[in-house]
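K.L.:
Starting from these lines, generate the structure:
(one chain, ligands or ions: 2)
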Amino acid sequence: MTTPATSPPPVIDLEDLGLDQGGHLLLKRALAAVGVGERVEVRGTAADLAVHVRAWARTQGHGYDWPYVVRGAAAGAAWRGAQPAGGRDLVVDRASPAWGLAARGAQVEAGGPEFDFPLDRRDAVWTDAAAGIYRQAVAAQWDPAVAVDWDEPFELPDEVEAAVVQVMTYLIENENAALVVPARFLARIHPHFREVVGVLAVQVADEARHVEVFTRRAELRGGPLGLSTAGGQASLLTLVTEPDFALAHFMLSVLGEGTFLSLLSFLERFAPDPVTRRVTHLALADEARHVAFGMAHMEAVLAADPGLRPRLATAVRRRHDALAHTAGLNAEVFDALVVLAAGQFTPAAIAKGFGRVQALEADMDDGRRRRLVKLGFTADDAAELAELHTRNFM
Ligand SMILES: [Fe+2]
Ligand SMILES: [Fe+2]
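P.N.:
Ligands and ions are numbered 1, 2, ... in the order given. Just a heads-up that it's a prediction; the model follows:
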């Protein structure tokens, strides 16, 4: 609103409200209603009002001619020279360290601190699928206390219960790895890419829930937990110490969690009790989303940098060589899977269980090859890399 030059300036009467008691809000509002160079008359009875108004006007870039304040060209000192942290819906190619933790689209005051977020390039972290996957992930959260009927009655032979507990013991350490890897990178990704940060944050929460439900199933009948082997932990160590985000995400979510889709489907199908069936079913739905995000991220970064593909292949070969001296899959886990799929201790049942575990391994290999081909690897490379993936599955 512009006041004609002939009419008297608008008056803002602060009554007894001091500028240090919020009176500046009324003054600011009155100035926003006049044009640059126009005046507002200030009235009030607070002590030293003229002195306070003069000091305030100077810091805000307004003129002062008591009892008038003349609107200046700048909105305020803090806003002068401020830089936008991208657009509200605009993801930039490289996020500035000076934007720090500011909201995307905020005006960032000049002279603030710089933050070190090493993953600050769109090419390295972004996929347009992130926002949709984040919404799905949030909508699909489940509460272990109500999603699982922990009191559902069942009877298992001791050997079958021990096999379930061994598989749960194995699953838990792999879930711990799947929690640690995204957690390590979360704090390194620039908050500008908030949808990607959001997906990984929910993924970490998913893994915490998987650890919880597998632990509760392992402890359900009060028996001791199973064996954690040196070979399994050596394999997981190579995963959680991989410093490159693309390589770590590829090995975790495309190859490892991809392989776990087959494993969790197998466990759901052959679970000898309803609680095991339910917890593996719930984890499987989350893992499918983790794999979908891993694939979407890899497709995006490979489109931007085809030179990454041979580096991914090298990482798989290097990991295989580093683990060549280890035992691979925990023999106790392999046997436990056979017992689960057999359901009882007769030669015919064990033969059937053994065949089912072999079919599981073929299904895992097939899934890895399909995903690698989808990421642009040749059929030969996909077959070689699928074969070299860790025998620990994750
Ligand atoms: Fe998980
Ligand atoms: Fe996962």
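K.L.:
Contact partners for the one residue in the stretch 151-300 of the chain that gets nearest to ligand 1?
P.N.:
For the stretch 151-300 of the chain and ligand 1, the shortest gap (C-beta to the ion) falls at H210, measuring 3.8 Å. Bear in mind the C-beta positions are built from the backbone N, C-alpha and C, glycine included. H210 makes contact with L171, E175, A178, A283, D286 under the criterion C-beta atoms under 8 Å, 6 or more residues apart in numbering.
K.L.:
go again using 6 Å as the cut-off
P.N.:
E175, A283 (C-beta atoms under 6 Å, 6 or more residues apart in numbering).
K.L.:
quick one: buried residues of whichever strand or helix holds it?
P.N.:
Taking DSSP states H and E as the criterion, H210 maps to helix 194-219. Under the neighbour-count criterion of 16 or more other C-beta atoms under 10 Å, helix 194-219 has 194-204, 206-207, 209-211, 213-218 buried.
K.L.:
With stretch 235-244 instead?
P.N.:
Neighbour counts over stretch 235-244 (16+ other C-beta under 10 Å) mark S235, L236, T238, L239, V240, E242 as buried.
K.L.:
Using CSV, write out the CA atom coordinates for that stretch.
P.N.:
Written as CSV, here are the backbone C-alpha positions of stretch 235-244 (Å, rounded to 0.1, in the frame of the first residue of the first chain):
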residue,chain,number,x,y,z
SER,A,235,32.4,-60.7,5.6
LEU,A,236,30.3,-58.1,7.4
LEU,A,237,33.4,-56.2,8.4
THR,A,238,34.3,-55.6,4.7
LEU,A,239,30.8,-54.2,4.3
VAL,A,240,30.7,-51.8,7.2
THR,A,241,34.2,-50.4,6.6
GLU,A,242,33.7,-49.7,2.9
PRO,A,243,34.3,-45.9,2.7
ASP,A,244,32.8,-45.2,-0.7
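K.L.:
Near the closest residue to ligand 2 within the stretch 201-350 of the chain, how many other residues are there?
P.N.:
Residue nearest to ligand 2 within the stretch 201-350 of the chain (C-beta to the ion): H290, separated by 3.8 Å. Residue neighbour count, defined by other C-beta atoms under 10 Å, stands at 28 for H290.
K.L.:
Assumed it was part of a strand.
P.N.:
No: per DSSP: H, G, I helix; E, B strand; the rest coil, H290 lies outside any strand segment and is helix.
K.L.:
Got the confidence number for it?
P.N.:
As predicted, H290 sits at a pLDDT of 98.
K.L.:
Is it in contact with G256, as I believe?
P.N.:
No: when contacts are counted by C-beta atoms under 6 Å, H290 is not listed as touching G256 (9.6 Å).
K.L.:
number of nearby residues for A50?
P.N.:
If you count neighbours by other C-beta under 10 Å, A50 ends up with 13.
K.L.:
what's the closest non-adjacent residue to it?
P.N.:
Nearest residue to A50, sequence neighbours excluded (C-beta to C-beta, 6 or more residues apart in numbering): W66, at 5.0 Å.
K.L.:
what's the burial count for that neighbour?
P.N.:
When neighbours are counted by other C-beta under 10 Å, W66 registers 13.
K.L.:
Then L171?
P.N.:
L171 sits with 26 neighbouring residues when counted by other C-beta under 10 Å.
K.L.:
these two touch, right, it and F214?
P.N.:
Yes: using C-beta under 6 Å as the test, L171 is close enough to F214 to be in contact (4.7 Å).
K.L.:
what touches both of these two?
P.N.:
Common contact partners of L171 and F214 (C-beta under 6 Å, 6+ apart): none.
K.L.:
circling back: any idea how far the residue nearest to A50 is from ligand 2?
P.N.:
Using C-beta to the ion, to the nearest Å, one gets 67 Å for the distance from W66 to ligand 2.
K.L.:
Now do the contacts for P10.
P.N.:
V40.
K.L.:
and if you look at V180?
P.N.:
V240.
K.L.:
Quick one: classify it as helix, strand or coil.
P.N.:
At V180, secondary structure determined by three-state DSSP is helix.
K.L.:
that older thread, separation between the residue of the stretch 151-300 of the chain closest to ligand 1 and E242?
P.N.:
In this view, H210 and E242 are 21 Å apart by C-beta to C-beta, to the nearest Å.
K.L.:
Could you do G367 as well?
P.N.:
Using C-beta to C-beta, G367 is found at 21 Å from E242.
K.L.:
so what pLDDT did the residue in the stretch 51-200 of the chain that ligand 2 sits nearest to get?
P.N.:
Ligand 2 sits closest to A178 of the stretch 51-200 of the chain, with a gap of 4.3 Å, by C-beta to the ion. Predicted confidence (pLDDT) for A178: 98.
K.L.:
can I assume it is in contact with R209?
P.N.:
No: taking contacts as C-beta under 6 Å, A178 lies outside contact range of R209: 11.5 Å.
K.L.:
ok so, going back, what residues does the closest residue to the residue of the stretch 51-200 of the chain closest to ligand 2 other than its chain neighbours make contact with?
P.N.:
Excluding the flanking residues, the one nearest A178 by C-beta to C-beta, 6+ apart is E207, at 4.8 Å. Contact analysis of E207 by C-beta under 6 Å, 6+ apart lists E175, A178, L179.
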